[in-house]
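Peer 1: model this:
(one chain, ligands or ions: 2)
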Amino acid sequence: MENKITSLAEYFQKYKESVADPDNFWGKIAESHYWRKKWDQVIDYKFEGDGAPDVNWFVNGKLNITENIFERNMFMRKDQVAIIWEPNDPKEREIKLTYGELFEKVKQFANGLKKIGVKKGDRVALYLPMVPELAIAMLACARIGAIHSIVFAGFSATALADRINDAEAKVVITSDGGFRGTKSIPLKSIADEAVEKCPSVETTVVLKRTEEEIQWTEGRDIWWNDLIADVDCENQAETMDSEDVLFILYTSGSTGKPKGVVHTTAGYMVYAEYTFKNVFQYNDGDIYWCTADIGWVTGHSYIVYGPLLTGATSVMFEGVPTWPDAGRFWEIVDKYKINQFYTAPTAIRALVAQGDEWVTKHDLSSLKVLGTVGEPINEEAWRWYHDLIGKGRCPIVDTWWQTETGGIMITPLAGITPTKPSLATLPLPGIQPVLLDHEGNELKGNSVEGILCIKHPWPGMIRTTWGDHQRCYQTYFASFPGYYLTGDGAKRDEEGYYRIIGRIDDVINVSGHRIGTAEVEDAINQHPKVVESAVVGYPHEIKGAGIYAYVICEDMTDAELDNIEAEIKATVNKFIGPIAKPDKIQIVSGLPKTRSGKIMRRILRKIGEGDATNLGDTSTLLDPGVVEEIIDGAKVEV
Ligand code: ATP
Ligand code: MG
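Peer 2: Ligands and ions are numbered 1, 2, ... in the order given. As a prediction, the model looks like this:
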């Protein structure tokens, strides 16, 4: 496979080349793509000054990303399966779409969108469950140059309306409903409520999925099937400039108001394909499964664009990991003989708590590579994943990246980079991470810890935040001129491996010692009764900051409950030392999480500070009830 690294020596070689001469490095990789017109210059950028950031890759190149998925792959892969769709209910039939079939559907839907007046540059909001039509709709947008903005189908009407309005979308594509486990979510009625507050929306396209009753607005609503009924499958892709916008995607909202991250065509394409094949070491014929939702960036880059550009077979799953039972993931791995499996620590931790028997009854021998993304993976979860799921023979790729980075940044290459539990290891070629101190000085050498920034642009990076370029500069470039600020803190260990220690705000300064929340949580989770934990800092008279731990435990007897706090402290003492011992421990039944499964520590921080009146934007919160319960049980006056 072109541009695939196959050994550690080659990785180091490529890395060196990519830093010495980025233009030449990325230019060569981009040669393997299909261009209507080649670029004049590989990169032209500034992170500072008028209009900054101004980042242009493959300047003046002309292309269409769908031509790189379809026309480029068609000769070899017309009859190869592109997407395997596994429904929520295992009794329903799966769907397999070959590259040829998917292509026809994309072109047809693209023509349907044109019929309702969607033109290049228009925004289309997608609010759909995990069904093949979601991938079809996004690729159809890309085909005609419309900008897709996918909103995760777990979001409320208000959150959806905010995103539609921010992007001023002209069309919304939704379905009557969506299945998730035993639930059926009335997507159309949520979309109706949202669209009432969205003056830009002219048309709502509705896919039939759950067959539930819906309200209909004549003149605005149209069924998906009616839209494509009299439309043919001939479609010439729109010619796009390298820097034309491909999509907008709002960040998870773990730290504040979601930002409309803008990605453009050529750089994103080159980066998604390059990172996919290298990180997962994908081979022709492999069956690859990423369990993310396409509503998150992981689904964009590693269910749809990366795999399909590579010509891979990508599995898409509509349901949840625990229905009909906690063995569903492993049943699917067995059913399709999955080779590469990519999921999130939150899913792993949830499944660890269910017990091993759900795993051991399925045949997982097809697995070759395991991946995680989204949060630091604690050591206990890493071990379980490695030993029980991978049977000790599958490398784990702990992939660090962000919505803003477009693709994976710091990660092992599967089977090539030696791994260590809970370390994201080394940067991909082309990525120049640096650790800064608070004054913005680069910390040189190994065994250092600081603010993780990126020095040189990479093709998949954010170009702007939709409708507010200044916000992009302020958020990512203003703090340390000349660098992209990730917002995460990291350690570079004695070997030069990176360990992500959490958001900068999550680093707690206890009596002058900087302690990462991830590390403390990792230690707490080593206690056999602990299911999950979240740690934040709070103002402490003597130490400056104290450590407040919110902990979910398994069922315990009263006697066990009496001892648990002391035992947790002893565990932390053993794994890190007395300095990291939590000052306050609150046993809770749940933690506030975003809909992508990440802990919203800023809410816990507010509660720990005793200020629950101002919790900020909670629209991306999964279950507000959890917050009430935590406030009630808080170890401070709230
Ligand atoms: P928002 O920016 O709106 O607060 P978010 O940062 O959670 O939301 P994403 O872009 O989905 O939105 O997540 C990126 C963040 O997830 C990273 O900045 C990092 O904090 C965390 N993360 C992702 N992968 C890893 C990983 N492998 N190890 C540790 N942390 C990770
Ligand atoms: Mg973020």
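
Peer 1: now the strands for the stretch 1-150 of the chain?
Peer 2: 41-46, 54-59, 62-63, 81-86, 95-98, 123-127, 147-150 (DSSP state E, counting those that start in this stretch).

Peer 1: could those strands be laid out in TSV, adding distance to Lys574 and mean neighbour count?
Peer 2: All C-beta spots, glycine's among them, are computed from the backbone N, C-alpha and C. Formatted as TSV, the strands of the stretch 1-150 of the chain follow (distance: least, C-beta to C-beta, whole Å; neighbours: other C-beta atoms under 10 Å):
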stretch	distance to Lys574	mean neighbour count
strand 41-46	48	16
strand 54-59	47	22
strand 62-63	56	21
strand 81-86	42	22
strand 95-98	51	16
strand 123-127	48	26
strand 147-150	45	25
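
Peer 1: With distance to Trp400 added, can I get those strands in CSV?
Peer 2: Below are those laid out as CSV (distance: least, C-beta to C-beta, whole Å):
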stretch, distance to Trp400
strand 41-46, 23
strand 54-59, 21
strand 62-63, 29
strand 81-86, 27
strand 95-98, 32
strand 123-127, 27
strand 147-150, 22
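
Peer 1: right, so of those strands, which gets closest to Gly489?
Peer 2: strand 54-59 (24.4 Å; C-beta to C-beta).

Peer 1: Centre of the chain to the helix or strand hosting Val536, how far?
Peer 2: Element membership for Val536, per DSSP states H and E: strand 530-540. How far strand 530-540 lies from its chain's middle: 24 Å, per C-alpha atoms, centre = their mean, to the nearest Å.

Peer 1: Please point out which parts of it sit buried.
Peer 2: 530-538, 540 (16 or more other C-beta atoms under 10 Å).

Peer 1: Around Gly625, how many other residues sit close by?
Peer 2: 12 (other C-beta atoms under 10 Å).

Peer 1: quick one: Ala110 from ligand 1, how far?
Peer 2: Distance, Ala110 to ligand 1, using C-beta to the nearest ligand atom, to the nearest Å: 28 Å.

Peer 1: For that residue, list the residues it contacts.
Peer 2: 140-141, 143-144, 235 (C-beta atoms under 8 Å, 6 or more residues apart in numbering).

Peer 1: The residue nearest to Met74 when sequence neighbours are not counted: how many residues sit nearby?
Peer 2: Leaving out its chain neighbours, the residue that sits closest to Met74 by C-beta to C-beta, 6 or more residues apart in numbering is Tyr99, at 6.4 Å. Tyr99: 22 surrounding residues under other C-beta under 10 Å.

Peer 1: can you pull up the bridge partners for Gly544?
Peer 2: Judged by DSSP bridges, the bridge partners of Gly544 are Val510, His540.

Peer 1: Could you show which parts of the protein are in contact with ligand 1?
Peer 2: 251-255, 258, 297, 373-376, 398-403, 424, 486-488, 500, 503, 598 (C-beta under 6 Å from any ligand atom).

Peer 1: ok, the residue nearest to Lys197 when sequence neighbours are not counted - how many residues close by?
Peer 2: Leaving aside its sequence neighbours, Lys197 sits nearest to Ala161 (C-beta to C-beta, 6+ apart; 4.6 Å). Burial measure for Ala161: 22 neighbouring residues, criterion other C-beta under 10 Å.

Peer 1: about what we covered before: nearest to Thr557, out of the strands of the stretch 1-150 of the chain?
Peer 2: strand 81-86 (40.7 Å).

Peer 1: Kindly export stretch 274-284 (C-alpha atoms) in PDB.
Peer 2: This file holds the C-alpha atoms of stretch 274-284, laid out as PDB (Å, rounded to 0.1, in the frame of the first residue of the first chain):
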ATOM      1  CA  TYR A 274      -2.300   8.900   5.600                       C
ATOM      2  CA  THR A 275      -3.100   8.600   9.300                       C
ATOM      3  CA  PHE A 276      -5.700   5.800   8.800                       C
ATOM      4  CA  LYS A 277      -3.500   3.400   6.900                       C
ATOM      5  CA  ASN A 278      -0.400   4.100   9.000                       C
ATOM      6  CA  VAL A 279      -1.900   4.100  12.500                       C
ATOM      7  CA  PHE A 280      -4.000   1.000  12.000                       C
ATOM      8  CA  GLN A 281      -1.600  -0.700   9.600                       C
ATOM      9  CA  TYR A 282      -4.500  -1.500   7.400                       C
ATOM     10  CA  ASN A 283      -4.000  -4.200   4.800                       C
ATOM     11  CA  ASP A 284      -6.100  -4.800   1.700                       C
END
